[in-house]
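A.B. asks: generate a structure from the sequence data that follows.
(chains A, B and C)
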Amino acid sequence: MNSDIFAPWEDPQAKPLIQFQNVTKRFGDFTAIDNLSLDIFEREFFALLGPSGCGKTTMMRMLAGFEKPTEGHIMLGGQDIDPIPPNKRAVNMMFQSYALFPHLSIWDNIAFGLRRDNMPKHDLEDRVEEMLRLTRLEQFARRKPHQISGGQRQRVALARSLAKAPKLLLLDEPLGALDKKLRQETQFELMDIQEKTGTTFVIVTHDQEEAMTVASRVAVMDQGKLMQVATPDRIYENPNSVYVADFIGDVNIIEGRASADGEDTYQIDWAEGQSPLTATSASDFSNGQACHIAIRPEKVTISADRPADAINAVQGKVHDIAYLGNLSTYHVELPNGTIIKAQTANTRRISRRSFTWEDPVWLSWTATAAVLLAN
Amino acid sequence: MSRLSWFNTVSLTLGFAFLYIPMIILIIFSFNESKLVTVWAGFSVKWYGELLQNEQILDAAWVTLRVAVFSSTIATILGTAAAYVLVRGGRFFGRTLFSGMIYAPLVMPEVITGLSLLLLFIGIGLDRGILTIVLAHTTFSMCFVSVVVSSRLVTFDQSLEEAALDLGCSPAQAFRLVTLPIIAPAVISGWLLAFTLSLDDLVIASFTSGPSATTLPMRIFSAVRLGVSPEINALSTIMIAVVTIGVITVSLITKRAMVRQKQDEMAAARTE
Amino acid sequence: MGRPGLAVLDSYGCGSAGELMRRAFLIAVPYVWLLALFLVPFFIVLKISLSDTELAIPPYTPTLDLSQGWAGIKEFFSQLDFENFIWLTEDDLYWKAYLSSVKIAVISTFLTLLVGYPIAYGMARAPVEWRPTLMMLVILPFWTSFLIRVYAWMGILSNEGYLNQFLLWTGIISTPLVILNTNSAVYIGIVYTYLPFMILPIYSSLERMDGSLIEAAEDLGCSRLEAFWLVTIPLSRPGIIAGCFLVMIPVIGEFVIPSLLGGSGTLMIGKVLWEEFFSNRDWPVASAVAVVLLLILVVPIVLFQRNQQKQAEAEQ
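C.D. replies: Below you'll find the model as predicted:
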């Protein structure tokens, strides 16, 4: 194993920091978390990603100690933490609303947790100053929370939760309240701080771009279950289900029936009178099994004539064009009515665009470009 | 958060018991047969019958009702105007004095208000009677109305008024057609507050009334000074019942309006 | 808030004299009303308090006669004296009554806070769908007659009252407690009648509070009690202050409760003023009592208004 790459989840010897062991959480009749097991390792930046109501916030609140699992256990460093109340856990949380105490100054907010530990005055002052430096808040120390900007508040919340040097830091939609540009800057800042402090971060978010940017691993959740846990690139390139493929980024889904065509290669019949499509897959499909082809728009090539060597090529006409500046997305309608999106980089100025509305075009992609999914 | 902890359950139970048990006891003993109010001697409504024969009390009730209707109506008009001036009037000469005069009567001891008004009425030679009570009640209850209405006006979206002006209303029309309908609930609750304050008042009425006008609280006060009496229990029960029915009716109406609005919004969302 | 409104009124109002008149009218009517019926009476009280008793029985001369010019003004001032105020300091009844009013007000405000805070806290922590009902239950007694609510306690607290009957029946006591016509009865009556004034402002400040603040405090190592003390209490302080003022200021001048529930030993200045006026018919002394009472109340009233203003600004 290459020691430069941080990937403890691939090392069978590594001891996870957090273990969810068959955790189920019910609120009355509603099952928020359904028999879920998950390992998170030290120094990881782990993202829980999913739509609202998928159970990601419940996972985080169980880690913080505000909720207890109905069944199963949560281990922190090998110790069952279920009976430990939130104020005794070596876990700190950064709240979505930041939850800064409005009656205390920035300095006192950051010192709040340290004072609970009866830290000696001198050490406490040093620690607060260190946190202020880390989050570049030195000149705001004496202000009250309502006297600083949203981005600064976010950093105060981070500094406050990091001040106690927790084993694990939980971040609940930490950047949700910031505007897009600030959010992107702050994402990198978060990664820097995580690296500097070496703390394990667990972040909850519904923003897939944010999860992809910051996280070492992403867990995609739906209805209290983990759909896929993997590194961002694997989640994107090798989604294990239509749900994950659809949730992360843009994707074209073509339904069809598979038939084997040599090792790992399948022919997929997808429409009457159209030649079958070819795709490779590591997982097995039986002959005639229903399947979904998932293709990212940027892997679909658009051209005026049929490319000579293309394995998969379909004809259609341009239905819509979305110009995004650096990219253009063409919505191409196939004869059976299916819309396929194809993305091209705008390397030339727009004045000479190759295609326009209603143009007949060919779409093509390689056999390895698509992912074949059973469900 | 969704469940109550035992501490909260206990404090709410004890708190509301403390608030309601005295009144419940009062109501129960108004149906007591015996003249001795503290000893139960069987169920009877005879004190209610006697109450209806008591000319003095009926007279006083009629005086009180007239005073309350007149004073609360004038107070609502003046109080709404004052609230509008305070919230929207901008700057004018003596604004601080004006807002001070609005807020001060809220906490002013009634004995002082009563005494000062009486001295004024005598000074200008006004005969004391219903008119002077109405003037006195209007003065202090308009301040309550003004506070209620201005708290609504503060949260009122001013762009609605601007939209009305933009669409061709004069400021007066904008107030009548847009502002007033929206703040109407606050104006109505201001009126109800002024009405109850007037019904309730003993001290100011005692100072400002003359021999020709005795209000119900004044009658009750002179009766209960002598001790507890079953007739007063009966009268109290009627007053409690009227207020309770009134408050519950108002809150049911507002609740129904809110439920209906929610249903309409949900129905509208479905049609999208 | 006011300035944009002014712009609207002005920019349109300047166009027509009618609108300008309307605005002036809108301001003038409540203004003049309050001047005539609120402010002017105070000056009359002040003047009477400086007059002699004989002169003050209606019609109480002297009046300021401006037609006599400077001599009239001099005449007017020469007739004023501080005799009544000196009288207040000489008879210890008055300053004892002031002191005891303030003492009773402070103690009963504290008691009301002790009773009211847990109720407000429980309401703010209750499920959202209960809250309107709980609110109504707090406000309902406030709408019922003050007099009746005080009267209700007379039947409970008297020697043969329901409380003594109950306590005797349970065997906790063997002889009836004397509560009615003592200061204890006054405290009970004040706490009972003024409770909604304490609960409502505290409730509204607690209800606005973000629940995640408590969770944040616990997350940072506070126990439940510490979180309450370090976060909940400071954040509900505006509500506590408003509630305390709303109870304390009117209680200082309270008349009904001490005269119905208190005894001969209960000294409160509202009662003294009433008796001075109605029984002794000594108007100048009654006026002087009122002026001093007002001076005592000016400080808390100004503080109260400043607190309310600060809160209103914080909300915007």
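
A.B. asks: for chain A, which helix is longest?
C.D. replies: helix A:180-197 (DSSP state H).

A.B. asks: which strands or helices does that one pack on?
C.D. replies: In this structure, helix A:180-197 packs against helix A:121-134, helix A:150-162, helix A:208-214, with contacts taken as 3 or more Cβ pairs under 8 Å, 6 or more residues apart in numbering or on different chains; DSSP states H and E. Quick note: C-beta positions are derived from backbone N, CA and C, even for glycine.

A.B. asks: quick one, that helix and helix A:121-134 angle?
C.D. replies: Interaxial angle, helix A:180-197 versus helix A:121-134 (axes from the mean of the first three to the mean of the last three Cα atoms, to 10 degrees): 130 degrees.

A.B. asks: return the set of buried residues in helix A:180-197.
C.D. replies: A:183, A:186-187, A:189-191, A:193-194 (16 or more other Cβ atoms under 10 Å in any protein chain shown).

A.B. asks: residue 169 - how many residues pack around it?
C.D. replies: Picking chain A for this. Using other Cβ atoms under 10 Å in any protein chain shown, residue A:169 has 24 other residues around it.

A.B. asks: oops, I was thinking of chain C
C.D. replies: 8.

A.B. asks: low-confidence ranges, the stretch 201-316 of chain C, go.
C.D. replies: C:315-316 (pLDDT under 70).

A.B. asks: quick check, residue C:101 in a helix?
C.D. replies: Yes: according to DSSP: H, G, I helix; E, B strand; the rest coil, the state of residue C:101 is that of a helix.

A.B. asks: do you know how far it is from residue C:269?
C.D. replies: Per Cβ to Cβ, to the nearest Å, residue C:101 is found 4 Å from residue C:269.

A.B. asks: where's the residue nearest the centre of chain B, which helix or strand?
C.D. replies: Central residue of chain B (Cα atoms, centre = their mean): residue B:193, 2.3 Å from the mean position. Assigned by DSSP states H and E, residue B:193 belongs to helix B:180-200.

A.B. asks: which other helices and strands contact that helix?
C.D. replies: Counting by 3+ Cβ pairs under 8 Å, 6+ apart, helix B:180-200 packs on helix B:55-88, helix B:130-154, helix B:216-224, helix B:230-271.

A.B. asks: can you tell me what sits against the helix or strand following it?
C.D. replies: Note on helix B:180-200: by DSSP H and E, the next helix or strand toward the C-terminus is helix B:203-208. Residues from elsewhere that reach helix B:203-208 (Cβ atoms under 8 Å, 6 or more residues apart in numbering or on different chains): B:67, B:110-111, B:113-115, B:117-118, B:121, B:128, B:132-133, B:135-137, B:140, B:215, B:217-218, B:221, C:255-256, C:274, C:277-278.

A.B. asks: list only those of those residues flagged as buried.
C.D. replies: For the contacts of helix B:203-208, buried by 16+ other Cβ under 10 Å: B:67, B:110-111, B:113-115, B:117-118, B:121, B:128, B:132-133, B:135-137, B:140, B:215, B:217-218, B:221, C:255-256, C:274, C:277.

A.B. asks: give the contact list for the residue in the stretch 101-250 of chain B positioned nearest to chain C.
C.D. replies: At 2.3 Å from chain C, residue B:109 is the closest residue in the stretch 101-250 of chain B, using Cβ to the nearest Cβ. By Cβ under 8 Å, 6+ apart, residue B:109 lies in contact with C:249-250, C:252-254, C:270, C:293, C:297.

A.B. asks: so what sits against both of residue C:101 and residue C:269?
C.D. replies: What both residue C:101 and residue C:269 touch, as defined by Cβ under 8 Å, 6+ apart, is the set C:252-253.

A.B. asks: how near is the residue of the stretch 101-250 of chain B closest to chain C to residue C:251?
C.D. replies: Separation of residue B:109 from residue C:251 (Cβ to Cβ): 9 Å.

A.B. asks: could you measure from the nearest residue to residue C:46 once chain neighbours are set aside over to residue C:285?
C.D. replies: Among residues not flanking residue C:46 along the chain, residue C:291 sits closest, at 5.9 Å (Cβ to Cβ, 6 or more residues apart in numbering or on different chains). Per Cβ to Cβ, residue C:291 is found 11 Å from residue C:285.
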